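In: Fold the stuff below for me.
(one chain, ligands or ions: 2)
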Amino acid sequence: MAATIFIDGEAGTTGLQIREKLEGRSGIELVSISAEARKDPAAKRKVYEDVDVVILCLPDEAAKEAAKLVDALGDRAPRVIDASSAHRVAPGWTYGFPELAAGQGEAVAKARKVTNPGCHATGAIALLRPLTQAGLLPANARVSIGSVSGYSGGGKSMIEAYESGKAPAFELYALGLEHKHLPEIELYSGLSERPIFVPSVGNFRQGMLVSIPLHLEALPGKPTLADIKAAYDGHYRGQAHFKAFADAGNARIEPESLNGTNDIEIHVFANESRRHAVVVAKFDNLGKGASGAAVQNLMLMLGR
Ligand SMILES: NC(=O)C1=CN([C@@H]2O[C@H](COP(=O)(O)OP(=O)(O)OC[C@H]3O[C@@H](n4cnc5c(N)ncnc54)[C@H](OP(=O)(O)O)[C@@H]3O)[C@@H](O)[C@H]2O)C=CC1
Ligand SMILES: CC(=O)N[C@@H](CCC(=O)OP(=O)(O)O)C(=O)O
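Out: Ligands and ions are numbered 1, 2, ... in the order given. Sure thing, here's the model as predicted:
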């Protein structure tokens with residue numbers, strides 16, 4: 001029998017992409033709600049009762065209301081994937097990053113409530129967790145993270161601002177150093193000290209580069225580029241969506257080449273004579289950073 005899926009917020013940036021990715025898949029039946037009823041809690045409740053999984057692609061406040069609706073359904077509650085940042089560090093929710101550590105894919109597969117990682121957080125955690133777990137980066141390291149996103153990361157309003165020419169070509173933001181992805185980065189990166197996170201957005205629609213500079217001499221065991229690359233290779237062995245590269249002779253990277261995929265490239269750039277390195281995660285902010293991750297989690301939950 002087909003699994004029934006309702007995308008709450010299906011007309012938004014993330015919802016539309018999830019819909020496109022699921023349409024035509026065998027064993028999946030997409031359930032919709034009329035445009036007039038889509039914000040009506042009573043109408044939503046009826047749909048929630050009838051489906052196997054609800055995927056929330058809503059602003060945070062609406063996602064919190066939706067989660068309350070799910071909880072109120074008790075035994076009749078559907079399983080949930082939340083793409084918003086409302087529940088990323090909330091108790092009772094499973095972090096939807098199957099490659100985070102051994103056993104996380106199995107945890108997602110069994111979970112009733114899965115929270116999708118934020119796009120910047122996906123890159124930051126993908127870079128940091130293997131290094132802390134391998135002991136190459138001490139838990140108390142003081143780390144700085146930079147990230148550049150395509151403007152689709154800001155949803156409909158930012159897309160409109162860029163596409164009508166009303167947005168700057170490039171800007172740093174969240175310089176109050178309280179970006180909403182920091183709590184999940186703190187919880188899942190393996191660091192005890194809160195990193196400094198400087199996100200930015202540029203005049204290109206889609207794609208993301210998250211980068212972290214490393215002083216190799218300051219790290220335990222004074223690792224080489226090869227040691228760092230080996231830590232990523234070991235951590236992501238057997239994971240279809242991850243590939244690590246050592247980029248000693250290369251000095252450039254652009255953000256768009258993985259658009260339309262659910263893949264992450266981890267690049268290790270280094271100047272060995274100066275003992276400096278920069279690790280960079282490249283992916284599609286709307287792919288592995290949003291809709292691709294949601295679909296990956298859904299398939300795990302459905303045992304596909
Ligand atoms: N864009 C991205 O790269 C990523 C986004 N996310 C998260 O996913 C969620 C959705 O983001 P995104 O798709 O970009 O946002 P959009 O603004 O593009 O879309 C949100 C959609 O939700 C609808 N909506 C708002 N309130 C309700 C409600 N109460 N019931 C039903 N529908 C409602 C909106 O309709 P209307 O416009 O009519 O209000 C809109 O269609 C957000 O929490 C965002 O933070 C996660 C990862 C990445
Ligand atoms: C460019 C831009 O504005 N990006 C968004 C993050 C996009 C994302 O991952 O969203 P959620 O955490 O809401 O899921 C931001 O930094 O707030």
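In: host element of residue 160?
Out: helix 155-163 (DSSP states H and E).
In: Toward the C-terminus, what is the element adjacent to that helix?
Out: Scanning onward from helix 155-163 (DSSP H and E), the first element met is strand 170-172.
In: Show me the contact partners of that next one.
Out: The contact list for strand 170-172, computed with Cβ atoms under 8 Å, 6 or more residues apart in numbering, reads 198-203. Yep, even glycine has a C-beta here, placed from its N, CA and C like the rest.
In: avg pLDDT for the helix holding residue 160?
Out: The average pLDDT within helix 155-163 is 96.
In: Now do that helix: distance to the chain's middle.
Out: Per Cα atoms, centre = their mean, to the nearest Å, the displacement of helix 155-163 from the mean C-alpha position of its chain is 20 Å.
In: Same check on stretch 151-170?
Out: Taking Cα atoms, centre = their mean, one finds the center of stretch 151-170 at 20 Å from the center of the full chain.
In: Could you do stretch 80-93 as well?
Out: Centroid displacement of stretch 80-93 relative to its chain, using Cα atoms, centre = their mean, is 12 Å.
In: what residues does that stretch touch?
Out: Contact with stretch 80-93 is made by 14, 18, 53-64, 66-67, 70, 95-96, 111-118, 121, 180-181, 183-184, 187, 290-291, 294, 297-298, 301, as judged by Cβ under 8 Å, 6+ apart.
In: cool, and stretch 160-169?
Out: Looking at what lies outside stretch 160-169 - Cβ under 8 Å, 6+ apart - the contacts are 151, 154, 158, 202-203, 205.
In: ok, 10 Å please
Out: For stretch 160-169, contacts defined as Cβ atoms under 10 Å, 6 or more residues apart in numbering pick out 150-152, 154, 158-159, 201-205.
In: which residue packs closest to the residue in the chain that ligand 1 sits nearest to, ignoring adjacent ones?
Out: Going by Cβ to the nearest ligand atom, ligand 1 is nearest to residue 12 of the chain, at 2.1 Å. Nearest in space to residue 12, with sequence neighbours left out and distances taken as Cβ to Cβ, 6 or more residues apart in numbering, is residue 57 at 5.3 Å.
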